[in-house]
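Just the structure for this:
(chains A, B and C)
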Amino acid sequence: MSNAPSLVWFRLDLRLEDNPALAAAVQRGGPVIPVYIYAPGEEYPWAPGAASDFWLHQSLCALSLSLKHKRSRLIVRHGPSLETLQMLFRETGADAIYWNRRYEPAVRRRDEAIKTALRTDGLCAESLNGALLFEPWDVLTKQGGPYQVFTPFWRACLAAEEPSDPLPTPAKLAAPESWPATEPIAALGLEPAFNWAGGIRAAWTPGEVGAANRLEAFLDDAIANYTDDRDCPAIPGTSRLSPHLHFGEIGPRQIWHAMKHALAPNATKGAEKFLPEIGWREFSHHLLYHFPQVCDEPLRAAFRNFPWAEDTRALKAWQRGQTGYPIVDAGMRELWTTGWMHNRVRMVAASFLTKDLLIPWDEGARWFWDTLVDADLANNTQGWQWTAGCGADAAPYFRIFNPVSQGEKFDPDGAYVRQWVPELAQLPAKWIHKPWDAPSAVLKEAEVALGRNYPHPIVDHSEARARALEAYKTIKNSQ
DNA sequence: TTTTGAGTTGTTCGA
DNA sequence: GTCGAACAACTCAAA
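As a prediction, the model looks like this:
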């Protein structure tokens, strides 16, 4: 037991419950000083985007408030991280620091350097696992290497020792005799310069309480029908926990635990379907840890020579939801407005960019990085490479989503399109996913003038599909 | 070392 | 309208 204070360095673990770093500091016995250091440049070239910043601001406010309720505080500073921490050690007389691990390559390099430097200073510096059910180095093939296929990876996880139960929120956080200075959260400049984030604000409640409420709502309302509803973007049938998970407002152990104890009727079936989604998050982190180069280049080396197109106008049209394909445009506009897109539509929109338009997957990844509130380097990278077929899976070359049939299948009455593409709202369901085929009388009746208030399709899907198949043949030849 | 079976999420064509 | 087969070849993981 030490009476000197301990620092808890909050990063992507903005919660008090099931927070191993916080628990370790409490356990140590002395005063606890919670710290957040803003240093986005240290994550270059993947510093958080605008939507992430917006969320971070709200989440820091929420964390600060819950700490106040514990008669504690959140000490906020801006970077550089190491120098700031050393200064805090000097100011507070602390002799230990705890944080929860992150797995992004730049962050890992930084954290290792910080740990070494602080230990050289004679301090206790420990990192813990608050973000994953299974550490990337604990799940290995029989040969001792990393997995590159999801199914055997997840099987191995399920065969391993079950994740431990979540840690409780500490009952008490001992305050230091005097608090070090803090910057106001607003001084970090995370809030939008003008109010573009109203749609995000309306759609979400960042913070630990918001995360817990989302999980509860998912268990109460959606888990029982998860298997059927999760693919329909007009239905709130998915968990929508992704931004909360990214910022660590809730941890995977809490979700795992909740799924295992879900009581709603039919919850078991839904939970069985849902847990692999958490598994995909684990797998993405596993891949990013073992193959840190994937955020900037395809895992499959053959794709370095892929004949991508450069088409700024098409990229712009995609980003703005003006491709002329209603399901794609609806998704892109949902993203722009709310900072989030339904997963089914993410796949369709991503397939459209990489296959119909042949625009490089990393252009899409960059756009998502800036606009998603759940932008997460591991998940985003893995998702895009999976869609483009250049990632760690056996994506068949012929998997090219048809935006019309995907729309008709998963948004049969067009409710999703109507919500996000209001200029098509009056079209009958029969034509809403392919307005270019609608009789002119129908278009007129619905006040749709193609090329005037809604674009013609920027590419013809069947031609684009043929072109993509040709392009993907070059991969085969280059092996 | 070699072999074998399998690989999140699809589409289209033709019977 | 429905249904099953075809759509490359490759790589991974395990035996």
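
Near DNA strand C, which residues of chain A are found?
Residues of chain A found near DNA strand C (C-beta under 7 Å from any atom of the strand) are A:141-143, A:145-149, A:152-153, A:155-156, A:300, A:392, A:394-398, A:472, A:475-476, A:479. C-beta coordinates here come from the backbone N, C-alpha and C atoms, glycine included.

PyMOL command for the buried members of those residues?
Remark: buried members of the residues of chain A next to DNA strand C, expressed as a PyMOL selection using 16 or more other C-beta atoms under 10 Å:
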select buried, chain A and resi 146+147+148+153+156+300+392+472+475
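
In helices only, show me the residues of chain A next to DNA strand C.
If you go by DSSP state H, those have A:152-153, A:155-156, A:472, A:475-476 in helices.

what residue ranges in chain A score low on pLDDT?
A:1-2, A:394-395, A:476-479 (pLDDT under 70).

For the longest helix seen in it, list every residue counted as buried.
Counting by DSSP H, the longest helix found in chain A is helix A:267-290. By neighbour count with 16+ other C-beta under 10 Å, helix A:267-290 contains the buried residues A:267, A:270-271, A:274-290.

Please name the nearest non-neighbouring residue to A:Arg28.
Excluding its sequence neighbours, the residue lying closest to A:Arg28 (C-beta to C-beta, 6 or more residues apart in numbering) is A:Ser6, at 5.2 Å.

which residues touch that neighbour?
By C-beta atoms under 8 Å, 6 or more residues apart in numbering, A:Ser6 lies in contact with A:24-25, A:28, A:30-33, A:94-98.

what residues are up against the closest residue in space to A:Asn343 that isn't next to it in sequence?
Excluding the flanking residues, the one nearest A:Asn343 by C-beta to C-beta, 6+ apart is A:Thr238, at 6.4 Å. By C-beta under 8 Å, 6+ apart, the contact list for A:Thr238 reads A:222, A:226, A:229-230, A:342-343.

and of those residues, the nearest to A:Arg102?
Nearest to A:Arg102 among the contacts of A:Thr238: A:Asn343, at 23.3 Å, using C-beta to C-beta.

list the contacts for A:Pro168?
With C-beta under 8 Å, 6+ apart, A:Pro168 has these contacts: A:17-18.

Please identify the residues of chain A in proximity to DNA strand B?
For chain A, the contact set with DNA strand B under C-beta under 7 Å from any atom of the strand comprises A:149-151, A:231, A:276-277, A:280, A:343-344, A:347, A:383, A:386, A:393-396, A:398-402, A:405-406, A:409, A:461-462, A:465.

Report the closest residue of the stretch 301-450 of chain A relative to DNA strand C.
Residue nearest to DNA strand C within the stretch 301-450 of chain A: A:Tyr397 (3.6 Å; C-beta to the nearest atom of the strand).

Got the phi and psi for that residue?
Main-chain torsions, A:Tyr397, degrees, to the nearest 10: phi -60, psi -20.

That one against A:Leu469, yeah?
Yes - contact criterion C-beta atoms under 8 Å: A:Tyr397 and A:Leu469 qualify, at 7.2 Å.

Report the central residue of chain A.
A:Asp374 (3.4 Å; C-alpha atoms, centre = their mean).

how close does the closest residue to A:Glu126 other than its chain neighbours sit to DNA strand B?
Excluding its sequence neighbours, the residue lying closest to A:Glu126 (C-beta to C-beta, 6+ apart) is A:Tyr98, at 5.3 Å. Distance of A:Tyr98 to DNA strand B, computed by C-beta to the nearest atom of the strand, to the nearest Å: 32 Å.

I'd like to know which elements the helix or strand harbouring A:Tyr98 is packed against.
If you go by DSSP states H and E, A:Tyr98 is part of strand A:96-100. With contacts taken as 3 or more C-beta pairs under 8 Å, 6 or more residues apart in numbering; DSSP states H and E, strand A:96-100 sits against strand A:6-10, helix A:20-28, strand A:124-128.

Buried residues, the helix or strand immediately after that strand in the chain. List them.
As assigned by DSSP H and E, the chain's next helix or strand after strand A:96-100 is helix A:105-120. Across helix A:105-120, burial judged by 16+ other C-beta under 10 Å covers A:105-107, A:110-111, A:114-115, A:118.

Would you mind giving the secondary structure of the residue nearest to A:Met341 when sequence neighbours are not counted?
Nearest residue to A:Met341, sequence neighbours excluded (C-beta to C-beta, 6+ apart): A:Leu335, at 4.3 Å. At A:Leu335 the chain is in helix, as set by DSSP: H, G, I helix; E, B strand; the rest coil.
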